[in-house]
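Participant: can you look at this prediction? I've put the sequence above it.
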Amino acid sequence: MATSTPTTRPTKRPALTEAHADVAMIDINDFAALARMSVSWLYSEISAGRAPPALRFGPRCTRFKLSQVRAYLIDR
């Protein structure tokens, strides 16, 4: 019987370098995962002005600057 060798699956996204952290954009799900809070709670934080605002690139495309997310998480 042949043994199968485990294959590694490629990651969804390549690793982010520090040089790109200022210009990187993340979506609401990544933001919520980094903040360890639910998406609905994060939306309430944004509405209250405590979390950074989203940038809209289209009707269904909102992103957050990673540098602002990091600053928010450090200050929190």
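Facilitator: Here it is on my side, so go on. Numbering: from 1, shown residues only.

Participant: how far is the one helix or strand Arg70 maps to from where the chain is centred?
Facilitator: The secondary structure element spanning Arg70 is helix 66-75 (assigned by DSSP states H and E). Taking C-alpha atoms, centre = their mean, to the nearest Å, one finds the center of helix 66-75 at 11 Å from the center of the full chain.

Participant: quick one: the spatially most central residue of the chain and Leu42, what's the gap?
Facilitator: Residue closest to the mean C-alpha point of the chain, counted by C-alpha atoms, centre = their mean, is Asp30 at 2.9 Å. Using C-beta to C-beta, to the nearest Å, one obtains 11 Å as the distance from Asp30 to Leu42. (Glycine included, C-beta is placed from N, CA and C.)

Participant: which parts of the helix holding Arg70 are buried?
Facilitator: By neighbour count on 16 or more other C-beta atoms under 10 Å, the buried set for helix 66-75 is Leu66, Val69, Tyr72.

Participant: and the strands in this protein?
Facilitator: Read by DSSP state E, the chain holds these strands, from start to end of the chain: 25-26, 55-58, 61-65.

Participant: and the last one, what does it pack against?
Facilitator: Spelled out, it's strand 61-65. Helices and strands touching strand 61-65, by 3 or more C-beta pairs under 8 Å, 6 or more residues apart in numbering; DSSP states H and E, are strand 25-26, helix 28-35, strand 55-58.

Participant: turn those into TSV, including mean pLDDT and distance to Arg76.
Facilitator: Below are these laid out as TSV (pLDDT from 0 to 100; distance: least, C-beta to C-beta, whole Å):
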stretch	mean pLDDT	distance to Arg76
strand 25-26	94	16
helix 28-35	94	8
strand 55-58	93	20
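
Participant: show the contacting residues for Ile28.
Facilitator: Val39, Leu42, Tyr43, Ala54, Thr62, Phe64 (C-beta atoms under 8 Å, 6 or more residues apart in numbering).
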